[in-house]
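> Okay, predicted coordinates and the sequence, questions at the end:
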Amino acid sequence: MRGMERQMQLEAMAIAVPHVKEHPNRLPFEGVLTVVNAVSDKAPSGARGHRVILAREAVEDALPSLLGMAVDYRPGLDGHDARCKVGLVTEADLVGKKLVVKGYLYARDFPEVAQAIQSQRPETLGMSYELADARVEDMRAEVWKLTRVTFTGAAILLREKAAYRETSFTMAS
């Protein structure tokens, strides 16, 4: 396969959270928060009806801002609720075009949320990012290219409600 080498690029960050065997309030999760350099399937909230492209460089620069941010939940899994923080992002990895996040839900503090999420078929769940300080390359463009962002959190929601259909959310086993 000379001359046909494929490159895999991986950017990763994590915060050290000590392992506590069978911690009653930490229910591990993993999800695809978004995809980079791809046009969203629909306009994210706050984009004034514009579909967006999240530039890879913007995500690489913003990875540190994602660590330690909250994961929120809204009953019905149909959007964001920044005041209902039910978990924590502890790891963020840029694997190919996917921004993969890991963390914990606070299962003991929010047992009804953990149960509602676990009752869903895994293939129906997705995620959505929350941003601040986003820079748009050209505000007049039909599709906005985000060239700089700061992550302020994430939401668990139905994949069909997410701006990117390639997102996912699963509870770790």
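Nice, I can see it.
> now the helices: where do they sit in this structure?
For the chain, the helices defined by DSSP state H cover 56-66, 111-118.
> Could you list the buried residues of the last one?
By 16 or more other Cβ atoms under 10 Å, the buried positions in helix 111-118 come out as 113-114, 117. Just so you know, the C-beta spots here come from the backbone N, C-alpha and C atoms, and that holds for glycine as well.
> Next: the longest one.
Of the residues in helix 56-66, those buried by neighbour count under the rule 16+ other Cβ under 10 Å are 56, 58-59, 62-63, 65-66.
> Can you give the distance of it from its chain's centre?
12 Å (Cα atoms, centre = their mean, to the nearest Å).
> pLDDT weak spots in the chain?
Residues of the chain meeting the criterion pLDDT under 70: 1-13, 173.
> on that earlier part again, so which of the buried residues of helix 111-118 comes closest to Asp81?
Within the set of the buried residues of helix 111-118, Val113 lies nearest Asp81; the separation is 10.7 Å, counting by Cβ to Cβ.
> and the gap between that closest one and Ala155?
Look at Val113 and Ala155: by Cβ to Cβ, to the nearest Å, they are 12 Å apart.
> In the protein, what residue spans correspond to strands?
Taking DSSP state E to define them, one finds strands in the chain at 10-14, 26-35, 51-54, 70-73, 85-95, 98-106, 125-136, 143-158, 168-171.
> related to what we said a few turns ago, overlap in contacts of Val113 and Ala155?
By the contact definition Cβ atoms under 8 Å, 6 or more residues apart in numbering, Val113 and Ala155 are jointly contacted by Tyr73.
> Out of the buried residues of helix 56-66, flag the one nearest to Arg74.
Comparing these against Arg74 with Cβ to Cβ picks out Leu66 as the nearest, at 20.0 Å.
> measure that closest one to Ala38 for me?
18 Å.
> What of Val59?
Distance, Val59 to Ala38, using Cβ to Cβ: 11 Å.
> can you check Ala55 too?
From Ala55 across to Ala38, the span is 10 Å (Cβ to Cβ).
> got it, and Glu166?
8 Å.
> do Tyr106 as well
According to Cβ to Cβ, Tyr106 and Ala38 sit 31 Å apart.
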